[in-house]
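Participant: quick one: sequence and predicted model below, then my questions.
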Amino acid sequence: MPRAGKPKVVDVVGRSANREIFLPRRKLAPLEAGDLVAILDAGAYGMAQSSNYNTRLRPPEVLVEGAKARLIRRRETMADLLAPEIFAAGD
């Protein structure tokens, strides 16, 4: 549900140093840290070309069909990210 307050024109950007711009100059209701924003078409930023660059956990994926939405890939955890790593004590 949108927050009360006057909408502002903002850029919706990615969180890496590359400053990907998903939505330039969009009028949005006020947002706070932790709020969710749905981007319906992420292009190259979808799961097909995702990575853990800069130790970023991949977000969940939700499939939207008409009025129905369902989780099709859960949010990654730090344990998922570190699972393939091999840590050798004393090396």
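Facilitator: Arrived safely, thanks for sending. Numbers count the residues shown, from 1 in each chain.
Participant: contacts and neighbour counts: CA atoms only from here.
Facilitator: Fine.
Participant: which stretches of this protein form helices?
Facilitator: Using DSSP state H, the helices of the chain run over 78-82.
Participant: so, low pLDDT: which residues of it?
Facilitator: 16-19, 42-45, 91 (pLDDT under 70).
Participant: mind naming the longest strand for it?
Facilitator: Longest strand in the chain by number of residues, with DSSP state E as the criterion: strand 21-28.
Participant: and that strand, which strands flank it?
Facilitator: Strand 21-28 pairs in its sheet with strand 8-13 (antiparallel), by DSSP bridges.
Participant: ok, back up a step: buried residues in the longest strand of the chain?
Facilitator: By neighbour count on 16 or more other C-alpha atoms under 10 Å, the buried set for strand 21-28 is Phe22, Leu28.
Participant: do the same with stretch 48-58
Facilitator: Within stretch 48-58, judged by 16+ other C-alpha under 10 Å, the buried ones are Leu57, Arg58.
Participant: now that stretch - C-alpha only, PDB.
Facilitator: Listed next in PDB are the C-alpha coordinates belonging to stretch 48-58 (Å, rounded to 0.1, in the frame of the first residue of the first chain):
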ATOM      1  CA  ALA A  48      18.700 -15.300 -16.300                       C
ATOM      2  CA  GLN A  49      21.700 -12.900 -16.100                       C
ATOM      3  CA  SER A  50      21.800 -12.500 -12.300                       C
ATOM      4  CA  SER A  51      25.000 -13.000 -10.300                       C
ATOM      5  CA  ASN A  52      26.300 -12.500  -6.800                       C
ATOM      6  CA  TYR A  53      28.500  -9.600  -7.800                       C
ATOM      7  CA  ASN A  54      29.700  -7.600  -4.800                       C
ATOM      8  CA  THR A  55      28.400 -10.400  -2.600                       C
ATOM      9  CA  ARG A  56      24.800  -9.500  -3.200                       C
ATOM     10  CA  LEU A  57      22.100 -12.000  -2.500                       C
ATOM     11  CA  ARG A  58      19.600 -12.600  -5.300                       C
END
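Participant: nearest spatial neighbour of Asp11, chain-adjacent residues omitted?
Facilitator: Excluding the flanking residues, the one nearest Asp11 by C-alpha to C-alpha, 6 or more residues apart in numbering is Pro24, at 4.5 Å.
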